[in-house]
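>>> Kindly return the folded structure for what I paste below:
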Amino acid sequence: MTKDVPVGDSTRLIHTAAEESARLPARSVGPAIQRGSTVLMDRAADLYAHGKITYGRDGLAAHHALIAGLKDLEHAEHVELYGSGLGAVTGAMLSVLKTGDEVLVVDGAYKPTRRFCDNFLKNYGVSVRYFPSDASPDEVLALITERTRLIALESPASLSFEMMDVGAVAAGARERGVLTLMDNTWAAGLYFRPLDHGVDLSVQALTKYVGGHADVFLGSAATRNPVIARKLAQASLNLGHSVGPEEAYLALRGLRTLPARLAAHGANGLAVAKWLMGRPEVARVRHPALPHDPGHALWKRDFSGACGLFAFELAPPAGLAETLAFLDALTLFGLGFSWGGYESLALYCDPQVKEARTARPWTAAGPLIRLHVGLEDPADLIADLEAGFAAIKR
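Just a heads-up that it's a prediction; the model follows:
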């Protein structure tokens, strides 16, 4: 690919890291999967040479090809890989936090992120405070104290999909000497690029849309800040983070088709979401790409697309029994956690949102159900949901 000619995201991601394959005995479109812990040096002096790959945990061909692609995707100068999305969140936080610091965390964060903050960070002397998922930038920035070191964002919020003005929070935090981190898994680094909006650390679960096939655990943290880059690398070295070559290869494979898959997920998701809006059993559809959504203006301003993940509230008087009946009647929507693969999934969310929301009590018209709309035919998915609604009425 000619470096001087501007090309689109799809072209860049398909041809990313092509030089990794060019050095193979037979040139393939993907890098070699090198399985190895020991790395052999040509000379004894190279064993301790700065910048040399001296151990398999440093990453080999597939790892470096994936990192090159993610740097391109995220508009980043440095990317660190982790064994899971949660590993990326926790690894990034531990890189920049120390005893005595405080972190401000959005109330709608991914539940395992909250669990790490409440059960791990606090035990090591890091204070944690939560703010509402729809808080204004001024409300978030007003919480900053002299101990505040980091603000952790997720927009849209996990499960409930409130939007935040990420750029305004990042700008205000930087003026006050506070770092920002954003979990950007929903946009997959493609439809929103946090680093372009002033965020210091962009984190995502590559398990989801980058992997794309529900068969790999992986995460990444990206930055442009050279000081943070050194902290990320040092923390990974000291904590022993490493990623297997097969996982790196699978994530790179998914990265190359990400734009095409994410566009299909987004179109299918909107088709299902618009249909749900007309159902009498539905009180509210939570999807920022829909014009009625409270976060739509922010989404339209900052995002270039939507994925297939959103939620809806069942209308009263539906309760737990009706929710379970609805879910149990589904056949195409699998019942399970995670998302981002080719398959559609449904999840009852009330046990999580009611327990987790502490900055502001959770209120909704009825039970909350999250859908991940996969790559099946939307008409078939709609028919499956119709069967679920029919089960409620029995």
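>>> Name the residues of stretch 218-238 that are buried.
For stretch 218-238, a neighbour-count test (16 or more other C-beta atoms under 10 Å) marks 218-225, 228-229, 231-232, 235-236 as buried. The way it works is simple: take the backbone N, C-alpha and C, and place the C-beta from them, glycine included.
>>> Mind checking which of those land in strands?
219, 220, 221, 222, 223 (DSSP state E).
>>> my guess is the last one meets residue 77, correct?
Yes: taking contacts as C-beta atoms under 8 Å, residue 223 lies within contact range of residue 77: 6.9 Å.
>>> overlap in contacts of these two?
Between them, residue 223 and residue 77 share these contacting residues under C-beta atoms under 8 Å, 6 or more residues apart in numbering: residue 229.
>>> pLDDT score for the residue nearest to residue 191 when sequence neighbours are not counted?
In this structure, residue 191 finds its nearest non-sequential neighbour in residue 305, 4.1 Å apart by C-beta to C-beta, 6 or more residues apart in numbering. Note on residue 305: pLDDT of 98.
>>> Next up, the contacts around residue 305.
Contacts of residue 305 (C-beta under 8 Å, 6+ apart): 187, 190, 191, 262, 263, 266.
>>> Need the buried ones from these selected in PyMOL.
Buried members of the contacts of residue 305, defined by 16+ other C-beta under 10 Å, are picked up in PyMOL with:
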select buried, resi 187+190+191+262+263+266
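>>> so which of the contacts of residue 305 comes closest to residue 295?
residue 187 (13.1 Å; C-beta to C-beta).
>>> could you redo the contacts of residue 305 as JSON lines and give each row secondary structure and pLDDT?
Below are these laid out as JSON lines (DSSP: H, G, I helix; E, B strand; the rest coil; pLDDT from 0 to 100):
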{"residue": "187", "secondary structure": "coil", "pLDDT": "98"}
{"residue": "190", "secondary structure": "coil", "pLDDT": "97"}
{"residue": "191", "secondary structure": "coil", "pLDDT": "98"}
{"residue": "262", "secondary structure": "helix", "pLDDT": "98"}
{"residue": "263", "secondary structure": "helix", "pLDDT": "98"}
{"residue": "266", "secondary structure": "helix", "pLDDT": "98"}
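>>> What is the nearest of the contacts of residue 305 to residue 171?
residue 187 (19.2 Å).
>>> ok, and the closest non-adjacent residue to that closest one?
Nearest residue to residue 187, sequence neighbours excluded (C-beta to C-beta, 6+ apart): residue 303, at 6.3 Å.
>>> quick one: secondary structure of the residue most central in space within the chain?
By C-alpha atoms, centre = their mean, the chain has its centre lying nearest to residue 185, at 1.5 Å. Secondary structure, DSSP: H, G, I helix; E, B strand; the rest coil: residue 185 is coil.
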